[in-house]
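Enquirer: sequence unknown, structure follows:
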């Protein structure tokens, strides 16, 4: 994971970091589903393989999108959390959800979130940020 850009295009460089399904789903789980442990990411309905999850977590840590701390109950487990760089991705995921709500309307399970993102995006963002800040106060202090 070299820091040298392979392209002069910022979109290409962003895709080098975030351009696969699994990476974005880990970020989604941190934002929207308050997941912070390896086993919680594994339990997501998309059924990520353990080796793929391990790889994506390492990639996200390397790129400073997320960070990790030892679990307070047992040092053999870790808790993962968004860095500021990762938190800055929330509007992008919101835009993706907005696009999905318009062009993929058959996804019933996501309709409540889509509706809230469509009608009160600032409130949803504020709620997510408040939940993240609460988690950080509990685990990062």
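Expert: Yep, that arrived. Since this is a predicted model, take the numbers as computed values, not measurements.
Enquirer: all contacts plus neighbour counts: C-alpha atoms, from now on.
Expert: Noted.
Enquirer: show me the contacts for the residue nearest the centre of the chain.
Expert: Computing the C-alpha centroid of the chain and ranking residues by Cα atoms, centre = their mean puts residue 27 first, at 1.0 Å. Contacts of residue 27 were listed using Cα atoms under 8 Å, 6 or more residues apart in numbering, and they are 82, 86.
Enquirer: State the mean pLDDT of the host helix or strand of it.
Expert: Residue 27 belongs to helix 21-32 when elements are defined using DSSP states H and E. For helix 21-32, mean pLDDT rounds to 96.
Enquirer: Quick check: buried residues in it?
Expert: Within helix 21-32, the residues scored as buried using 16 or more other Cα atoms under 10 Å are 22, 23, 24, 25, 26, 27, 28, 30, 31, 32.
Enquirer: CSV for these, including distance to residue 87?
Expert: As requested, those are exported to CSV (distance: Cα to Cα, whole Å):
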residue, distance to residue 87
22, 17
23, 14
24, 13
25, 14
26, 13
27, 9
28, 11
30, 10
31, 8
32, 12
